[in-house]
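Student: pasted the sequence and its predicted model underneath.
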Amino acid sequence: MKICLTGDHADEMRPRVDEILCAAGVEGEVIVLDAAGCFDGDPSGIEVVYFSLGVTKYAAAMKSLLPLFDEPQLRWMQGPGAGVDNPIWQPILDRGTRLTNASGIHSEPIAQYIFAYVLHWERNVARHLAQQGARHWEVIRGGDLGAKTLGIVGYGGIGRAAGRVGKAFGMRVLGSRRTPIDDPNLDRFVPPESLHELLAESHYVVLCMPFSDETVGMIGAGELAAMRQDAVLINVARGGVMDEPALIEALRSRAIRGATLDVTSVEPLPPESPLWSLENCVLTPHDAGYSPLGDERLGALFLENLGRFVRDEAMVNEIFTSGLTNR
């Protein structure tokens, strides 16, 4: 079995890959793609590719990696992200090549991101910074999360992590997803058909639902109208789950208090987008999930899946159709 490893930790992973293959009685050859785009062996006939988060930092390495997508003997690729809505994945799925995503490895950093901005809004961070810049001393009375409700749309891995942090702050936690879930941090499960109830009760609405045909435009004018006027929307799912023009209107009219968006319908966000200039909108460049521990977590997932792959067992996060993400 011919395996290609990528990223800054590829050489560290090689001995573990050898151990897994040896334990399964599988003969293998491990090839590493370095940052300069050079392979330390012949990449033809590659059967398994570990597409790391780190390799995306290196243009030369990416240029060498992409042709491996067309290798006729490719049997499995471990992807670097939760989403597989990028068109590059469709040919792999169409050929029947197995694909696993990175769902779950981003849960902790995204939960931290969510609460960085929950606290930003709750404790008036921007106003404090503005006063400091103006050398102006005035008491600002912030809120208290112990009196607030957190509504999470898409109560999967990220949703559970956010719910745990919310509960640690003393918040009431509501969660919605397609199937019921038993979680000690969840005060109430809200089925999808009752989504407007969650929106009406929540001071902070977090979007982290999967991106699919069913969730495109899921949050539109009607859903925004159902929200509290003092509510903040935080989107860490995909820009496509929102009706962006409806959101812009809701922010302009102060129908909701504000929004923090890590994702937008077009990325990078075009300079002419009104979102740039709305004072009650905070934008970040789709980086909520980035963490210095990301490659370590993805590497551990790959090694777990490699063991399952050579033993012909079900793999973690296997994808069978495009357009899905759990962020």
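Tutor: Okay, I see it. Numbering: from 1, shown residues only.
Student: can you name the next helix or strand after the helix or strand of the chain with the lowest mean pLDDT?
Tutor: The helix or strand of the chain with the lowest confidence, counting by mean pLDDT, DSSP states H and E, is helix 90-95 at a mean of 90. Next along the chain after helix 90-95, taking DSSP states H and E as the criterion, comes strand 98-100.
Student: can you list the helices and strands that that following strand packs against?
Tutor: Packing partners of strand 98-100 (3 or more CB pairs under 8 Å, 6 or more residues apart in numbering; DSSP states H and E): strand 76-78, helix 294-310, strand 318-319. Every residue, glycine included, has its C-beta placed from N, CA and C.
Student: centre of the chain to the first one, how far?
Tutor: Here the centre of mass of C-alpha atoms in strand 76-78, compared against the chain's by CA atoms, centre = their mean, to the nearest Å, lies 19 Å away.
Student: what residues of that strand count as buried?
Tutor: Residues 76-78 are the ones in strand 76-78 that count as buried (16 or more other CB atoms under 10 Å).
Student: closest one of these to residue 98?
Tutor: residue 76 (4.2 Å; CB to CB).
Student: quick check: the residue nearest to that closest one when sequence neighbours are not counted vs residue 308, distance?
Tutor: Nearest non-adjacent residue to residue 76, counting by CB to CB, 6 or more residues apart in numbering: residue 98, 4.2 Å away. Residue 98 is 11 Å from residue 308, where distance means CB to CB, to the nearest Å.
Student: what's the overlap in contacts for the two?
Tutor: Common neighbours of residue 98 and residue 308, counting by CB atoms under 8 Å, 6 or more residues apart in numbering, are residue 315.
Student: in the protein, what spans have low per-residue confidence?
Tutor: Where the chain drops to pLDDT under 70, the residues are 321-327.
Student: go with 50
Tutor: 323-327 (pLDDT under 50).
Student: and the strands in the stretch 201-327 of the chain, which stretches?
Tutor: Here the stretch 201-327 of the chain has its strands, by DSSP state E, counting those that start in this stretch, at 204-207, 232-235, 258-261, 281-283, 318-319.
Student: got those as TSV, with distance to residue 60 columns?
Tutor: Listed next are the strands of the stretch 201-327 of the chain as TSV, based on distance: least, CB to CB, whole Å:
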stretch	distance to residue 60
strand 204-207	36
strand 232-235	34
strand 258-261	32
strand 281-283	30
strand 318-319	28
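Student: neighbours around residue 229, how many?
Tutor: 10 (other CB atoms under 10 Å).
Student: ditto for residue 274
Tutor: Residue 274 - counted by other CB under 10 Å - has 14 other residues nearby.
Student: residue contacts, it?
Tutor: Contacts of residue 274 (CB under 8 Å, 6+ apart): 248, 252.
Student: name the residues of stretch 135-148 that are buried.
Tutor: So for stretch 135-148, counting by 16+ other CB under 10 Å, buried means 145, 148.
Student: check contacts around residue 79.
Tutor: Applying CB under 8 Å, 6+ apart, we find residue 79 in contact with 51, 89, 99-102, 319.
Student: JSON lines for the strands of the stretch 201-327 of the chain, including distance to residue 1 and mean neighbour count?
Tutor: Converted to JSON lines, those look like this (distance: least, CB to CB, whole Å; neighbours: other CB atoms under 10 Å):
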{"stretch": "strand 204-207", "distance to residue 1": "40", "mean neighbour count": "27"}
{"stretch": "strand 232-235", "distance to residue 1": "41", "mean neighbour count": "26"}
{"stretch": "strand 258-261", "distance to residue 1": "43", "mean neighbour count": "23"}
{"stretch": "strand 281-283", "distance to residue 1": "44", "mean neighbour count": "18"}
{"stretch": "strand 318-319", "distance to residue 1": "18", "mean neighbour count": "18"}
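Student: just to revisit the earlier point, what would the buried residues of strand 76-78 look like in a markdown table with distance to residue 302?
Tutor: Formatted as a markdown table, those follow (distance: CB to CB, whole Å):
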| residue | distance to residue 302 |
| --- | --- |
| 76 | 10 |
| 77 | 10 |
| 78 | 5 |
